[in-house]
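Colleague: coords please:
(chains A and B)
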Amino acid sequence: MSMSALVLVLLALSAAAYFLGRQRSLALAGRAGGLRNLHSLPTYYGFYTALWCGLPALAVLGVWGMFQSTIVTELLVQDLPAELRELPPDRLGLVINDIRNLVTGSAVSHEVTPQIQAAAEHLRELRSTAYAALTVIVLALGIGGGTIAWRQVSPRLRARNRVEAIVVALLVVCSVIAIFTTVGIVLSVLFEAIRFFKLVSITDFLFGLEWSPQMALRPDQAGSSGAFGAVPLFAGTALISGIAMLIAVPIGLMSAVYLSEYASRGFRATAKPLLEILAGIPTVVYGFFAALTVAPFVRDSGALLGLDVASESALAAGLVMGIMIIPFVSSLSDDVINAVPQSMRDAAYALGATQSETVRQVILPAALPGIVGSILLAVSRAIGETMIVVMAAGLSAKLTANPLDSVTTVTVQIVTLLVGDQEFDSPKTLAAFALGLVLFIVTLGLNVLALHVVRKYREQYE
Amino acid sequence: MSEPADSPDTDRRRRTIDVVNASLARRYASERRFRLLGRLAVLLGLAFVAVLFLSIVANGYSGFQQTYIRLQIAFDPAILDPDGKRDPAAIRGADYGALVKQALRAEFPAVSGRSELRELYRLASAGAEYRLMDLVAHQPSLIGTSKELWLLASDEVDLVRKGQIDRSLPESERPVNDRVIGWLDALEQRGAVDTRFNWSFFTNGDSREPELAGIGGAIAGSFYTLLVCLALSFPIGVAAAVYLEEFAAKSRWTDLIEVNINNLAAVPSIVFGLLGLAVLINFLGLPRSAPVVGGLVLTLMTLPTIIIAGRAALKSVPPSIREAALGVGASRMQTVFHHVLPLAMPGMLTGTIIGMARALGESAPLLMIGMVAFIVDVPKGPFEPSTVLPVQIYLWADSPERAFVAKTAAATIVLLGFLITMNALAVFLRKRFERRW
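Modeller: Numbering: from 1, shown residues only, chains lettered A, B, ... in the order given. The predicted structure follows:
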């Protein structure tokens, strides 16, 4: 918690700097003949001093915090006795972990040798040195920056412009975070996926028909077993998403049509928010609902009809996912249908069309691009959905089109491969990132396509 | 216009009318069908909402209650404090299970035989021992006395009592045999069984024993996670929205940011989990399972929502406000921060609350960063390992024990309760502060 103490001290320093800067500007103004002779309001001089006191020091603190543990570990490894230093990387990692635990006083996995004891002592020393250095640097920066800014305060200093420039820079940084997130996603997923494709060829992965990642636990089999063919996962994802769309598109579309064209105002005002409740329910609740109510129901109904239904059937998962997606389809289609100009409806009625003929032959064709866009968005939602399938779909990667059978999906496999697994070099964990890359690319493609279609359509009527 | 004289034209018109008239019945029928289909679709959607809530509530209401049995506990000094020194450590380490067993044997003196006794002992929960330990530790003077206490019953007793284990099934198909049910009925006749509201469900951490498991730890974890998420995503989201809407000139660069934000809003949540695992945990070395990491991941996930809502709120502030402020000499920064932002704040808060509600219900990315660990302790800060409410639901839903079904549904009810409250707050804010210009 020493870092947070330092941050608090810095904040206090900045607050002090604010008052000092403001004070000084007021004093100078008094000497120069009144407030009107200041370029900016006194608070801006205060902010100027405070920002100079706080920002550079905080920046250093942030960068230091990011790299301290890496550098300290590096230094520690260099000073380790030779026989420890030359251990293979994973064993070395364990030793370092032990040393760290010894310092914090938590449980240690191996017996404590004098060497490790000494190393722990060394680590403690390194850490306290680092912290002392950090404290000195940060405080010096804070006080130094504040003093310099304080001395700069003069009636002619354009404090407001400078403060505003800094604030704009901060705003830019905040809005660029979105780009950094995307870059971070692409890089992290891509980097691990490339490591995976060094072990398993990309064609085997994309076109292989067999998926059994557990086999790769034995190192001599890894990569050469050919058990990383993702086609069954893609097929399972497509099957479950397909079932979901079969449920969601007709119900969503028809309720959008009914609510926007037929329903009375009162009915619309109650039914629409009630339907949108479905969009706000967490997916884990849907998953629980699927496992608790829907899957047994599907199995029992199948048994009544004499069908053999797997207990984790694709049908149950798809059904519940369809329910989840109804509000997406309906609210997006609703927007699109409402955007069709009234004049087109009036023209159809004037020609003697009934309401349903108007909907089917005028409104839906006119709204078709938008509806297609909303369906694409819904598909991308279905493909990326995780919790429902984790809880209601199976784990066995079967290549089947039978909705009563149990299939697995891309997201289910990502979760099962990564949950509770610490080892980071096996193809098993890396495969999850390769699957993540595929998922990211496919959903991104669908979104870009959908947004493009929707935008193009909107321009048509605006 | 005069009546046309030539007959072929009149003929044709009559024929058109006839064709139309003849088809009307069919067309009206199809109109009715279409309307019926629409109504059916809406009703089906509403029925799904109803079934979902009903099935959760029907399974979950019993999870808020727990069965207790009344036992006459003798605080036997021979067991609790054999050397009579009243040493707190020794008292703490005593065998409290023996007290419960003694009391159960006293309640049913006729029971004998190893396996039967073992079944008898299973009437009381392991929680009963902890309760006794706490009692004696706080009040050592109890030793040597005898007291009637309501103690937690085991999950099996609880299930039988709530009727969730069907007594009419043949004995071999039930998890509880006839003997145990007989004892339970005997206790019930003596008035020694009671079902009470389960307060400890809200304060306990997770446990392998369903009757002891609670959502206290998960709620604390969710709280810290959301706190981190809110502390980061609200300022950053507002700042980004302000920049993009009020300051940025339209350029290729801002277009790129905009497209980026829109696409991020639609990236599957599990991909954010992969990002968190690869960057935050493996690269930056932040602790696994900690609410800080969860909060960071959820921040990245909710930022697009907050930014989009924030921009819409800023857009709805009329330009006249800005022009008036600029007209009396405010700088652009002063215009935005003194006039536009306060007016846009309710809309931004609404967007933030909706984003937070989504973050509260999110579980997939948190599975990736290790918040699925079995954690008994209630976390006391954002750096301690913990789990969150939706992940707790996932964990319990996976548990094979029958008694966890009610607990899972009860936790779901609590989660939905939080979400409904947050969304209602958002709607209230919107209604209360919405201004039409």
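
Colleague: domains of chain B?
Modeller: As recorded under automatic domain parsing, the domains making up chain B are B:7-61, B:65-203, B:217-433.

Colleague: what's the model's confidence in the second one, averaged?
Modeller: Per-region confidence: domain B:65-203 scores 82 on mean pLDDT.

Colleague: The first one too?
Modeller: Average pLDDT, domain B:7-61: 87.

Colleague: what does stretch B:333-349 give?
Modeller: For stretch B:333-349, the per-residue pLDDT averages 92.

Colleague: How far off centre is that stretch?
Modeller: Mean-position distance between stretch B:333-349 and its chain equals 33 Å (C-alpha atoms, centre = their mean, to the nearest Å).

Colleague: Restricting to C-alpha, output it in PDB.
Modeller: Taking Å, rounded to 0.1, in the frame of the first residue of the first chain, the C-alpha atoms of stretch B:333-349 are listed here in PDB:
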ATOM      1  CA  MET B 333     -13.300  25.200 -22.000                       C
ATOM      2  CA  GLN B 334     -15.300  27.400 -19.600                       C
ATOM      3  CA  THR B 335     -18.400  27.000 -21.900                       C
ATOM      4  CA  VAL B 336     -18.200  23.300 -21.800                       C
ATOM      5  CA  PHE B 337     -17.300  22.800 -18.100                       C
ATOM      6  CA  HIS B 338     -19.500  25.500 -16.600                       C
ATOM      7  CA  HIS B 339     -22.600  25.300 -18.800                       C
ATOM      8  CA  VAL B 340     -22.800  22.300 -21.200                       C
ATOM      9  CA  LEU B 341     -21.500  19.600 -19.000                       C
ATOM     10  CA  PRO B 342     -23.800  20.300 -16.000                       C
ATOM     11  CA  LEU B 343     -26.800  20.200 -18.400                       C
ATOM     12  CA  ALA B 344     -25.600  16.900 -19.900                       C
ATOM     13  CA  MET B 345     -24.800  15.300 -16.600                       C
ATOM     14  CA  PRO B 346     -28.100  13.500 -16.000                       C
ATOM     15  CA  GLY B 347     -27.900  11.900 -19.400                       C
ATOM     16  CA  MET B 348     -24.300  10.900 -18.700                       C
ATOM     17  CA  LEU B 349     -25.200   9.500 -15.300                       C
END
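
Colleague: Leaving aside the residues adjacent along the chain, what's closest to residue 283?
Modeller: If you meant another chain, say so; for now it's chain A. A:M387 (4.0 Å; C-beta to C-beta, 6 or more residues apart in numbering or on different chains). Just so you know, the C-beta spots here come from the backbone N, C-alpha and C atoms, and that holds for glycine as well.

Colleague: wrong chain, I was asking about chain B
Modeller: Leaving aside its sequence neighbours, B:F283 sits nearest to A:S188 (C-beta to C-beta, 6+ apart; 7.8 Å).

Colleague: What strand or helix carries that neighbour?
Modeller: Using DSSP states H and E, A:S188 maps to helix A:159-199.

Colleague: And A:E423, what's its pLDDT?
Modeller: Listed pLDDT for A:E423 reads 60.

Colleague: now do B:A424
Modeller: 90.

Colleague: separation between it and A:Q78?
Modeller: As judged by C-beta to C-beta, to the nearest Å, B:A424 and A:Q78 stand 59 Å apart.

Colleague: Have a look at these two and say which one is more surrounded.
Modeller: Counting neighbours by other C-beta atoms under 10 Å in any protein chain shown for B:A424 and for A:Q78 shows that B:A424 has the greater number, 11 against 8.

Colleague: The more buried one and chain A, how far apart?
Modeller: 11 Å (C-beta to the nearest C-beta, to the nearest Å).

Colleague: how distant is the host helix or strand of that residue from the center of its chain?
Modeller: In this assignment (DSSP H and E), B:A424 forms part of helix B:403-433. Put simply, helix B:403-433 sits 8 Å off its chain's centre (C-alpha atoms, centre = their mean).

Colleague: Many thanks, we can stop here.
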